[in-house]
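Visitor: Predicted coordinates and the sequence they were generated for:
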Amino acid sequence: VVIVVVVVVIEERKMDEEQLEEIKQQRMAQMQAQQSKASEEAAQRQAAEQRKNEFLNSILDQNARARLNSIAVVKPEKAQQLELLLLNMAQRGQLPGKVTEQQFRGLLAQVAQQSEKKTQIRFARGRELGIDDLEKDDEDSDSDSDSD
């Protein structure tokens, strides 16, 4: 009976080790697939960025491109808006030639005007906050404390 139990335990351990090895291999394959997918996505993003930069270099003169790069350092979201605007204008044929720095300034002013946030300040008066009631309560408590 003892020999049979030992054989069964050994066989179970072999089976557990085989299952464990199979799970390890599956996990390793998953990790490799994820890694290759991430590297492919990174390569695609880099290629798209390179194409965009080449296109921008072809439609902007050197000074306008330098100004766009300066804006990108300070305000990346505004630079992205300008890039999209330039790319859309070029696709529609609205750019006759290379955009000069002066034309770029005009586009920058246009984007700034469109994205200008309208700030509205509203003061809450005492009644809206219930301060009148609080002041009356304070006056009542002051008169109560004076009589003590």
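Guide: Structure's in. What do you need?
Visitor: Does residue 48 lie in a helix or a strand, and which?
Guide: Here residue 48, judged by DSSP states H and E, is contained in helix 2-59.
Visitor: which other helices and strands contact that helix?
Guide: helix 62-74, helix 76-92 (3 or more CB pairs under 8 Å, 6 or more residues apart in numbering; DSSP states H and E). C-betas here are computed from N, CA, C, even on glycine.
Visitor: Not counting the first one itself, show me its contacts.
Guide: By CB atoms under 8 Å, 6 or more residues apart in numbering, the residues outside helix 62-74 that reach it are 56-57, 60, 78-79, 82-83, 98-101, 103-105, 108.
Visitor: go with 7 Å
Guide: Helix 62-74 has contacts (CB atoms under 7 Å, 6 or more residues apart in numbering) with 56-57, 60, 78-79, 82, 99-101, 104.
Visitor: Please list only the buried members of the residues you listed.
Guide: 56, 60, 78-79, 82, 99, 101, 104 (16 or more other CB atoms under 10 Å).
Visitor: Any chance of a markdown table for those residues, columns pLDDT and distance to residue 32?
Guide: Shown next, in a markdown table, are the buried ones among the contacts of helix 62-74 (pLDDT from 0 to 100; distance: CB to CB, whole Å):
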| residue | pLDDT | distance to residue 32 |
| --- | --- | --- |
| 56 | 88 | 36 |
| 60 | 88 | 42 |
| 78 | 88 | 40 |
| 79 | 88 | 37 |
| 82 | 89 | 40 |
| 99 | 85 | 46 |
| 101 | 88 | 49 |
| 104 | 87 | 46 |
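Visitor: and those as a markdown table, adding distance to residue 31?
Guide: Below are the buried ones among the contacts of helix 62-74 laid out as a markdown table (distance: CB to CB, whole Å):
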| residue | distance to residue 31 |
| --- | --- |
| 56 | 37 |
| 60 | 43 |
| 78 | 39 |
| 79 | 36 |
| 82 | 40 |
| 99 | 46 |
| 101 | 49 |
| 104 | 46 |
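Visitor: which one among those residues gets closest to residue 120?
Guide: Nearest to residue 120 out of the buried ones among the contacts of helix 62-74 is residue 78 (CB to CB; 22.4 Å).
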